[in-house]
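A.B. asks: sequence first, predicted coordinates after that:
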Amino acid sequence: MFFLQPRIHLGISLGFVLFCTGCAPTPTPGGNSNSSARFPGFEVKFLVGSALGDFCQQAAAQLNAQGPKLQNGNAFYLTCTAQGSGDVVTAMVNRTQQLRDGTLPSDAADWPTLVSVDGDIFQSQLVDQVNQIFPGQDYIPEVTDAPLIANSPMVLMTQADLAPGLRKVANPFSGLATAKTHQALDGASQPIPIHYVHTAPTRSNSGLLTLIAQFAAVSNKRPEQLTVADVKQFQGQVQQIQSKITRYGTSTDSLAKSMVKNGVFWASVGSVYESSVIAANTGIPAGQARYEAVYPKATFTSNMRAMLPKAPWVSPDEKAAAEQVIEYLRSPAAQALATSLGLRPGVPGIPLGAKFTKAFGVDPQARYDSYRAPQPAVVSAMLSSWEAYAKKPSKVVLVVDSSGSMAGEKLPAVQSTLQTYINNLGAKDQVALIDFDTEIQSPVLVDGTPAGKTKGIEFIGSLQARGGTKLYDAAIYGRNWLSKNLRPDGINAVVILTDGEDSGSQVTLNTLQAELQKSGFSSDQRIAFFTVGYGNAGEFNPDVLKQIAELNGGYYSQGDPASIARLMANLQTEF
């Protein structure tokens with residue numbers, strides 16, 4: 001069993017986070033379900049990996065509009081929920097464990113009828129883990145028994161003027177391990193520093209496939225030939241590749257779009273799906289730099305299959321409805337929809353869509369050797385090596401608003417989330433905690449040791465709702481502290497959690513924005529900003545929080561007591 005459960009983790013460097021307690025929730029990309037209010041009958045829930053999310057949502061809308069029914073006359077409708085593939089596996093394994101333990105009945109409403117992940121490795125892992133819980137039952141179908149819905153190869157995404165040079169490199173990942181600039185890879189390219197992005201392999205299929213491809217590249221072995229000993233031998237070279245990372249994440253498409261938005265000095269290369277390149281190029285204004293897919297000589301194809309469990313949580317009617325859903329998703333109409341979204345069809349004979357052209361950065365006739373998966377023990381060793389050794393460290397500054405508006409349910413919910421955050425710190429993890437209201441308190445440095453965690457829990461317990469909200473002053477204070485305490489070899493970021501608009505700051509918004517630019521990704525400091533608005537809409541200015549975050553290569557999120565834990569877990573994955 002090679003899957004590592006995602007945990008809230010901060011590396012040994014500090015970043016800046018701002019929390020806002022008055023924001024309305026922002027949906028996770030692809031994570032929201034279809035509305036089912038207007039459809040009759042029973043619900044067929046489809047839990048999918050993020051790469052299939054948009055397709056599933058749109059295909060469900062088309063299918064539901066037809067009013068599908070079973071032969072017995074029972075109507076049904078399809079809803080889709082998209083998560084990272086690692087999260088899909090974790091969710092299904094947790095539910096299955098609860099079923100075995102008797103804490104979740106088989107007819108509970110939160111069981112999905114259909115399941116999909118964004119690759120065969122995660123599917124094999126799901127099969128393996130469920131079989132360990134219920135030996136001999138074979139609840140989850142094997143890869144060969146799950147119909148293919150769509151697929152997309154893993155590619156390297158880069159700006160169009162850098163793509164020719166990257167294509168000349170026989171082994172791009174080995175080149176990323178040693179070269180500092182694109183000119184070092186190819187003399188005809190510009191001397192642009194190499195900054196790299198891919199998703200976290202513990203949470204995302206594209207990140208896992210990328211990590212395996214990196215080990216294969218630096219060892220000059222095919223993935224299926226790699227051993228646990230090889231992982232230990234070559235983890236140093238993988239660490240060299242990881243040292244180029246700008247940030248991680250859970251959404252492949254979001255990283256690709258961030259590359260376009262933030263520019264080549266934020267990240268010049270990304271490991272993404274081919275479909276992510278198409279999505280990123282869609283809607284780019286005329287005159288803005290476009291991006292291209294570079295197809296390695298050998299790479300993974302991400303196969304997205306429909307798994308219909310032969311399990312007690314799937315009723316006979318649900319099974320019959322799910323079979324109709326699969327038939328529809330593999331129909332010419334639905335497959336055409338998949339290709340229009342940049343996915344390659346899962347059914348032979350379906351033509352590629354209009355976006356499979358050079359204008360969208362891809363090669364419809366791309367040829368490459370498709371990798372096969374390593375042994376599960378090898379994948380497990382790779383993930384352990386990544387978390388303990390190869391992953392780029394980070395410094396994270398958490399700036400927590402404890403103003404008077406946090407009174408009531410807000411502060412306890414934030415305290416509970418921060419407690420989980422601290423309790424999941426690893427032995428090498430470190431974070432700076434800053435409490436602000438009318439006054440800004442000195443940082444409390446916390447690490448993953450028992451004594452460090454105790455120190456963090458004491459900080460959380462000391463938070464009291466009082467005073468005003470010196471948001472801008474706290475933001476610049478956190479940035480200035482991090483500027484003086486940078487981790488040169490790590491991801492440096494500030495995260496701000498607040499529930500209100502600024503009041504009483506000496507620094508104006510214009511001054512703050514000018515200051516943040518001095519330490520952004522056009523500087524040597526490369527400090528990212530992330531902001532979290534927490535609470536009810538109207539209690540703060542989301543536009544200001546968005547400006548603060550996006551000015552320095554981060555993003556703004558909105559949360560409430562029900563979503564804050566997941567939101568923070570996703571944020572932590574960035575570092």
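C.D. replies: Right, received. Where do you want to start?
A.B. asks: helix or strand: which one has the residue nearest to the spatial centre of the chain?
C.D. replies: Most central in the chain under CA atoms, centre = their mean is residue 250, positioned 0.6 Å from the mean C-alpha point. Assigned by DSSP states H and E, residue 250 belongs to no helix or strand.
A.B. asks: also residue 259?
C.D. replies: Per DSSP H and E: residue 259 is located in helix 252-262.
A.B. asks: for that helix, packing partners?
C.D. replies: strand 196-197, strand 269-273, helix 274-281, strand 291-294 (3 or more CB pairs under 8 Å, 6 or more residues apart in numbering; DSSP states H and E). The way it works is simple: take the backbone N, C-alpha and C, and place the C-beta from them, glycine included.
A.B. asks: confirm residue 532 sits in a strand?
C.D. replies: Yes. Under DSSP: H, G, I helix; E, B strand; the rest coil, residue 532 sits within a strand.
A.B. asks: tell me the pLDDT at it?
C.D. replies: Predicted confidence (pLDDT) for residue 532: 90.
A.B. asks: now do residue 1
C.D. replies: Looking at residue 1, its pLDDT stands at 38.
A.B. asks: which stretches of the stretch 251-400 of the chain have low pLDDT?
C.D. replies: Along the stretch 251-400 of the chain, no part satisfies pLDDT under 70.
A.B. asks: can you map out the strands along it?
C.D. replies: Along the stretch 251-400 of the chain, the stretches classed as strands by DSSP state E, counting those that start in this stretch are 269-273, 291-294, 298-299, 301-305, 344-345, 369-370, 394-401.
A.B. asks: export the fourth one as CSV, just CAs?
C.D. replies: In CSV, the C-alpha atoms belonging to strand 301-305 read as follows (Å, rounded to 0.1, in the frame of the first residue of the first chain):
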residue,chain,number,x,y,z
THR,A,301,-0.9,8.9,-19.9
SER,A,302,-3.5,9.7,-17.3
ASN,A,303,-6.4,7.4,-17.9
MET,A,304,-9.7,8.4,-16.4
ARG,A,305,-12.0,5.4,-15.9
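A.B. asks: direction included, what does that strand pair against?
C.D. replies: Paired strands of strand 301-305, with direction, are strand 148-159 (antiparallel) (DSSP bridges).
A.B. asks: got the angle between the strand it pairs with and helix 274-281?
C.D. replies: For strand 148-159 against helix 274-281, the angle by axes from the mean of the first three to the mean of the last three CA atoms, to 10 degrees is 50 degrees.
A.B. asks: what packs against whatever helix or strand comes next after strand 148-159?
C.D. replies: Per DSSP H and E, the first helix or strand lying C-terminal to strand 148-159 is helix 163-167. Counting by 3+ CB pairs under 8 Å, 6+ apart, the packing neighbours recorded for helix 163-167 are helix 182-185, strand 291-294.
A.B. asks: now render the helices and strands packed on helix 252-262 as TSV, adding distance to residue 134.
C.D. replies: As requested, these are exported to TSV (distance: least, CB to CB, whole Å):
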stretch	distance to residue 134
strand 196-197	38
strand 269-273	32
helix 274-281	34
strand 291-294	41
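A.B. asks: so after the worst-scoring helix or strand of the chain on mean pLDDT, what's the next helix or strand?
C.D. replies: Counting by mean pLDDT, DSSP states H and E, the chain has its least confident helix or strand at strand 13-20, which shows a mean of 43. Next helix or strand after strand 13-20 toward the C-terminus (DSSP H and E): strand 42-49.
A.B. asks: which intervals of the protein have sub-threshold pLDDT?
C.D. replies: Within the chain, the stretches with pLDDT under 70 are 1-37, 426-428.
A.B. asks: please repeat the previous calculation with a cut-off of 50.
C.D. replies: The chain contains residues with pLDDT under 50 at 1-31, 35.
A.B. asks: now do the buried residues in stretch 500-510.
C.D. replies: By neighbour count on 16 or more other CB atoms under 10 Å, the buried set for stretch 500-510 is 500, 502, 505, 507, 509.
A.B. asks: same thing with stretch 293-306?
C.D. replies: 293, 294, 295, 296, 299, 300, 301, 302, 303, 304, 305, 306.
A.B. asks: one more: stretch 65-85?
C.D. replies: Buried residues in stretch 65-85, counted by 16+ other CB under 10 Å: 68, 70, 76, 77, 78, 79, 80, 81, 82, 83, 84, 85.
A.B. asks: tell me the two of the residues you listed that are most distant?
C.D. replies: Using CB to CB, the two most remote members of the buried residues of stretch 65-85 are 70 and 84, lying 32.3 Å apart.
A.B. asks: contact partners for the residue nearest to residue 541 when sequence neighbours are not counted?
C.D. replies: Among residues not flanking residue 541 along the chain, residue 501 sits closest, at 5.0 Å (CB to CB, 6 or more residues apart in numbering). Applying CB atoms under 8 Å, 6 or more residues apart in numbering to residue 501 gives the contacts 469, 471, 539, 540, 541, 544.
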